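>>> here is the input, now give the coordinates:
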Amino acid sequence: MAKSNQNVNPVQRPIRKFAPIFILPTFAAFLIGFVWPFIQGIYLSFCKFNTPKDAKWVGVSNYLKVFSDAGFLNAFKNTAAFAVVSIILINVIAFMIAYALTQKIRGANLFRTVFFMPNLIGGVVLGYIWSMIFDGILKRYGTYLTANGTYGFWGLVILVAWQQIGYMMIIYIAGLQSISEDMMEAAKIDGASGAQTLFKVVIPNVMPAITTCTFLTLTNSFKMFDQNMALTGGLPSIMQNGAKVNVTELLALNIYSTYNINKNWHGVAQAKAVVFFILVAVLAIAQQAATRSKEVEQ
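Model prediction:
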């Protein structure tokens with residue numbers, strides 16, 4: 001032990017000695033602000049309650065209601081479809097823009113700034129702005145955004161793509177700029193075409209960026225709430241098997257609506273939140289494993 005202490009840099013000794021003192025407040029805040037509410041939330045998902053203090057244990061009945069709720073199942077289908085479309089659309093367009101802006105074109109920095117700016121606007125503000133834009137366009141055809149589920153779905157896709165493409169573009173640009181110039185020159189010397197260089201050299205070398213962007217777009221798609229609430233509010237509504245279903249409602253908005261509309265369903269809303277967490281966690285881990293395996297292969 002004495003030898004190991006002697007090998008430690010003198011500057012690092014006080015850092016190691018007092019590190020727990022500086023870590024403890026942050027760790028305590030993490031336990032109080034995240035771990036304890038998370039554990040309490042899991043417990044409340046098995047209870048019927050209006051406030052946590054009057055919680056009464058009801059077992060798995062809340063979860064049985066979750067999987068028999070037509071609104072939740074519809075929201076899950078909407079979210080899955082929305083996630084697939086937005087992941088493909090956002091990542092393909094963001095990569096294309098990033099690839100174009102790394103080709104030494106004039107005004108590249110200006111274009112990067114312009115494309116990134118929508119990401120700085122809040123989701124609720126974007127929702128209201130785009131709802132006015134869409135309604136202004138659709139009014140010419142005698143309809144409006146929330147009159148049709150298809151309009152609402154693609155309205156959400158366009159809004160989120162417009163907001164997130166610039167952010168993903170920045171990540172792709174960082175990945176593209178990390179590719180060795182020697183590797184690109186070697187591809188040119190070997191006579192590789194533009195398409196061959198793109199698919200055989202560029203894309204394999206930006207797999208870490210693809211992993212990151214796919215993870216972000218996947219989780220953002222499933223967690224999206226404010227844009228959904230501001231743009232469509234889940235409308236239009238239809239009757240399905242005797243139950244009212246909001247056609248454009250995604251999972252996060254469905255959980256919010258369940259909690260606020262029916263006080264007797266607070267426990268059900270909490271159960272939905274737990275199911276939602278497990279679903280997002282499993283998908284995110286599976287996506288990370290799938291894309292990181294390709295990084296290793298390359």
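
>>> so where do the strands sit in the stretch 151-298 of the chain?
237-240, 243-246 (DSSP state E, counting those that start in this stretch).

>>> which one of those strands is the most hemmed in?
strand 243-246 (a mean of 16; mean count of other C-beta atoms under 10 Å). To be clear about C-beta, it is placed using only N, CA and C from the backbone, and glycine gets the same treatment.

>>> what's in contact with that one?
The contact list for strand 243-246 (C-beta atoms under 8 Å, 6 or more residues apart in numbering) reads 69-71, 74-75, 233-239, 253-254, 257.

>>> paired strands for it, with orientation please.
Here strand 243-246 has these sheet partners by DSSP bridges: strand 237-240 (antiparallel).

>>> which residues touch the partner strand?
70, 74, 244, 245, 246, 247.

>>> now with 6 Å, please.
70, 244, 245, 246 (C-beta atoms under 6 Å, 6 or more residues apart in numbering).

>>> do you know how far the first one is from residue 214?
Between residue 70 and residue 214 the distance is 31 Å, computed by C-beta to C-beta, to the nearest Å.

>>> mind checking which of these two has more residues around it?
The neighbour count for residue 70 versus residue 214, taken as other C-beta atoms under 10 Å, is higher for residue 214 (20 against 14).

>>> how about low-confidence regions in the stretch 151-298 of the chain?
Counting by pLDDT under 70, the stretch 151-298 of the chain shows low-confidence ranges at 295-298.

>>> now the residue most central in space within the chain, nearest residue through space, not along the chain?
Centroid-nearest residue in the chain: residue 220, 1.3 Å away (criterion: C-alpha atoms, centre = their mean). Among residues not flanking residue 220 along the chain, residue 164 sits closest, at 6.6 Å (C-beta to C-beta, 6 or more residues apart in numbering).
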